[in-house]
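In: Structure of the sequence below:
(one chain, ligands or ions: 1)
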Amino acid sequence: MASEQALLSAQGIEKSFFGVKVLEGVDFTLRAGEIHALLGENGAGKSTLVKILTGAYRRDGGVMALERAPVEPRSVAEAQTLGIGTVYQEVNLLDNLTVAENLYLGRQPRRFGMVDTRKMRADAAALLGHYGLAVDPAETLSHYPVAVRQIIAIARAVDLSGKVLFLDEPTASLDVREVEAIFTVLRQLRDRGLGIVIITHFLDQVYALADRVTVLRNGRMVGSRALADLPRRDLVSLMLGHDLAGDDLRPVPRAAEGEAAFDFRGSAKAA
Ligand SMILES: Nc1ncnc2c1ncn2[C@@H]1O[C@H](COP(=O)(O)OP(=O)(O)OP(=O)(O)O)[C@@H](O)[C@H]1O
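Out: Numbering: from 1, shown residues only. Okay, the predicted model is just below:
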């Protein structure tokens, strides 16, 4: 059950690239114990907002607070120490290291000045046990499929950060079964009180997972609603900025990759 109070909030966020405004006065509020989808058409500003909130980009204006205290993350690492973790679409782990090394990269337990491999693997096994993952901490990461690596990336981000988790298109390259495995993990984390923000282009996934949505259009926040109160048609209208005509219910091809921009019709990922 989401709390009423803001866990992470941003107000009046501004960002320009080379004099072009890509975020204009954007407000965003995340509560503890909610999964919050950040939606909008290609180029609406979703990734830029997430990068600002997770310390990857500096904002030009606006304020940001975590548990009502102002925060100013100057890097992704600093955001993590504040409680804000991120998992990107391209899994941010190293394939040639072991599972345990990935989980404890940069913070390996030491004994007599040496990495304590035995403890690191035992800690990794215990941590992954919470996620229902029966993987061998001593195995090289590349041994495992993308969905497992994605859950390992989530486990690492949550272990480092613990309060807020951002995921930028985490299911883009996964099949239906793998998506469900990731969602199970995210629901468990929500039930533990984390606030989770997810960017996705798949509206079926939004309705299956999220409690709330915030919609960006052309760099502005155009709505933030509980999903239970928001029919799909109204959500799509909010994203597009006009009422739906019949034609709009067909998937819109993405110019670059030829992927569907939205999954309007309840189908799986479009080819
Ligand atoms: N590093 C950058 N330098 C210059 N322009 C950028 C940069 N990052 C993003 N932009 C521009 O900012 C605008 C918003 O991009 P952003 O990636 O935040 O949108 P998005 O909603 O995440 O889109 P998509 O769904 O396609 O990922 C776009 O016009 C994009 O070209």
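In: Quick one: neighbours of residue 33, just the number.
Out: 17 (other CB atoms under 10 Å). (C-beta placed from N, C-alpha, C; glycine too.)
In: My guess is it contacts residue 194. True?
Out: Yes: using CB atoms under 8 Å, residue 33 is in contact with residue 194, at 7.4 Å.
In: For residue 69, give me phi and psi.
Out: Phi and psi for residue 69, reported as degrees, to the nearest 10, are phi -100, psi 130.
In: Tell me how far it lies from residue 218.
Out: Per CB to CB, to the nearest Å, residue 69 is found 31 Å from residue 218.
In: These two: which has the busier surroundings?
Out: residue 218 (15 against 7).
In: What residues are bridge-paired with the residue nearest the centre of the chain?
Out: Nearest to the mean C-alpha position of the chain, by CA atoms, centre = their mean, lies residue 167 at 1.4 Å. Beta-bridge pairing of residue 167 under DSSP bridges involves residue 87, residue 198.
In: unless I'm mixing things up, it is touching residue 194, no?
Out: No: at 11.4 Å, residue 167 does not count as touching residue 194 under the criterion of CB under 8 Å.
In: which residues of the stretch 101-250 of the chain fall in strands?
Out: Counting by DSSP state E, counting those that start in this stretch, the stretch 101-250 of the chain has strands at residues 110-111, 114-115, 164-168, 195-199, 212-217, 220-226.
In: Can I get the third one in PDB, CA atoms only?
Out: This points to strand 164-168. Backbone C-alpha positions of strand 164-168 (Å, rounded to 0.1, in the frame of the first residue of the first chain) are rendered in PDB as follows:
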ATOM      1  CA  VAL A 164      14.100   4.300  -4.600                       C
ATOM      2  CA  LEU A 165      14.700   2.200  -7.700                       C
ATOM      3  CA  PHE A 166      14.600   3.600 -11.300                       C
ATOM      4  CA  LEU A 167      14.300   1.200 -14.300                       C
ATOM      5  CA  ASP A 168      14.600   2.600 -17.800                       C
END
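In: what about it, distance to the chain center?
Out: The chain centre lies 3 Å from the centre of strand 164-168; the measure is CA atoms, centre = their mean, to the nearest Å.
In: With the longest one instead?
Out: Once both centres are worked out by CA atoms, centre = their mean, strand 220-226 turns out to sit 17 Å from its chain's centre.
In: What angle do strand 212-217 and that strand make with each other?
Out: 160 degrees (axes from the mean of the first three to the mean of the last three CA atoms, to 10 degrees).
In: Please, where are all the helices along the protein?
Out: Per DSSP state H, the chain carries helices over the ranges 46-53, 76-82, 99-103, 117-129, 146-160, 176-191, 203-209, 232-240.
In: export these to TSV and tack on mean pLDDT and mean neighbour count?
Out: Below are these laid out as TSV (pLDDT from 0 to 100; neighbours: other CB atoms under 10 Å):
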stretch	mean pLDDT	mean neighbour count
helix 46-53	96	23
helix 76-82	92	17
helix 99-103	93	25
helix 117-129	92	17
helix 146-160	91	21
helix 176-191	94	16
helix 203-209	94	19
helix 232-240	93	17
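In: Which among these is found nearest to the ligand?
Out: helix 46-53 (3.3 Å; CB to the nearest ligand atom).
In: quick check, that closest one touching the ligand?
Out: Yes: part of helix 46-53 sits near the ligand under the criterion CB under 6 Å from any ligand atom, namely 46, 47, 48.
In: who in the chain is up against the ligand?
Out: Contact residues (CB under 6 Å from any ligand atom) of the chain with the ligand: 17, 22, 40, 42, 43, 44, 45, 46, 47, 48.
In: for the residues you listed, which one is nearest residue 127?
Out: Proximity of the residues of the chain next to the ligand to residue 127 (CB to CB) peaks at residue 47, which lies at 28.3 Å.
In: show me what contacts the nearest residue to the closest one once chain neighbours are set aside?
Out: Take residue 47 and drop its neighbours on the chain: the residue closest to it by CB to CB, 6 or more residues apart in numbering is residue 168, 6.0 Å away. Neighbour list for residue 168: 46, 47, 50, 86, 87, 88, 89, 199 [criterion: CB atoms under 8 Å, 6 or more residues apart in numbering].
In: how about 7 Å then?
Out: Contact analysis of residue 168 by CB atoms under 7 Å, 6 or more residues apart in numbering lists 47, 50, 88, 89, 199.
In: Having no further points to raise, I will conclude here.
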